[in-house]
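Provide a 3D model corresponding to the input given below.
(2 chains)
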Amino acid sequence: MIRVQTEDFDIGAEIAALKADRTDIGAIVTFTGTVRDQDETITEMTLEHYPGMTEAELARIEKEAHAHWPLQASLIVHRTGTLKPGDNIVLVITASAHRDAAFDAAKFLMDYLKTSAPFWKLETGPSGSKWVEAKEDDTAARSRWTAGKDAAE
Amino acid sequence: MRLLYFAWVKDKTGIAAEDVEVPGNIGTVAELIAWLKTRGPEFANAFEQPEVIRAAIDQAHARHDAQIGGAHEIAFFPPVTGG
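Predicted structure coming up:
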């Protein structure tokens, strides 16, 4: 399941909902991304996105993860709008019978989300606002999953 | 055809969305970008470095050599930075 929302999310409540009335899940992995202000240069972070395409991309990425790993359930929640340092940005939960699939799929989902879901971060600090630049590291992280197969994508 | 601009591409063009009549001789995303650059200083500035601009045709990522024929909506944006 995927959700794009301005409101915060409750990780415990999301896990509880995902495993409610199920006994086939043996491993649950969660990843939470939060607004970082390492050097006290950020007072706000605004997440812009492309409504429609965002949901389509997240659903596509999730479907791909389910095609690669035996997942019992998954959830991607991404916030938009204006956030403060320390606020939650993104939540990925993967659930599988055994831990390897859940760990790997969670990493895959984040690597793909960071390089293909149409979100853009605008950082605001005392000296003004600037758009965050994409990192080469993120593209490299994503390519680990495609090396040798659909490299043309 | 509906054109959408996001993040700093939107800041530079000064608009988020517009409906335009694209000349019939324009076949690809790259040709559309080249044409957009001729529409004024804001567009020339926004698309100054076409290689850093990403595009989507009808809400799916598209390369610059992709054909735009029949598209309803084309979006231009910088590399994504979510997560």
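
Neighbours of the residue in chain B that chain A sits nearest to, how many?
In chain B, the residue that lies nearest chain A is B:Gly82 (2.6 Å; CB to the nearest CB). C-beta coordinates here come from the backbone N, C-alpha and C atoms, glycine included. Counted by other CB atoms under 10 Å in any protein chain shown, the residues lying close to B:Gly82 total 25.

Is it in a helix, a strand, or coil?
Following DSSP: H, G, I helix; E, B strand; the rest coil, the label given to B:Gly82 is coil.

isn't it right next to A:Lys121, touching?
Yes - B:Gly82 is in contact with A:Lys121 according to CB atoms under 8 Å; the separation is 7.1 Å.

Please identify every residue contacting each of these two.
A:Leu47 (CB atoms under 8 Å, 6 or more residues apart in numbering or on different chains).

interface residues of chain A facing chain B?
Taking CB under 8 Å from any CB of the partner chain as the criterion, chain A approaches chain B at residues A:33, A:47-50, A:52-53, A:56-57, A:78, A:89-90, A:110, A:113-122, A:131-134.

Let's see that with 7 Å instead.
Counting by CB under 7 Å from any CB of the partner chain, the residues of chain A close to chain B are A:33, A:47-48, A:50, A:52-53, A:56, A:78, A:90, A:110, A:113-121, A:131-132, A:134.

what's A:Val77 in contact with, if anything?
Counting by CB atoms under 7 Å, 6 or more residues apart in numbering or on different chains, A:Val77 touches A:Arg3, A:Gln5, A:Phe9, A:Val90, A:Leu91.

are any of those residues buried, and which?
Neighbour counting by 16 or more other CB atoms under 10 Å in any protein chain shown classes A:Phe9, A:Val90, A:Leu91 among those as buried.
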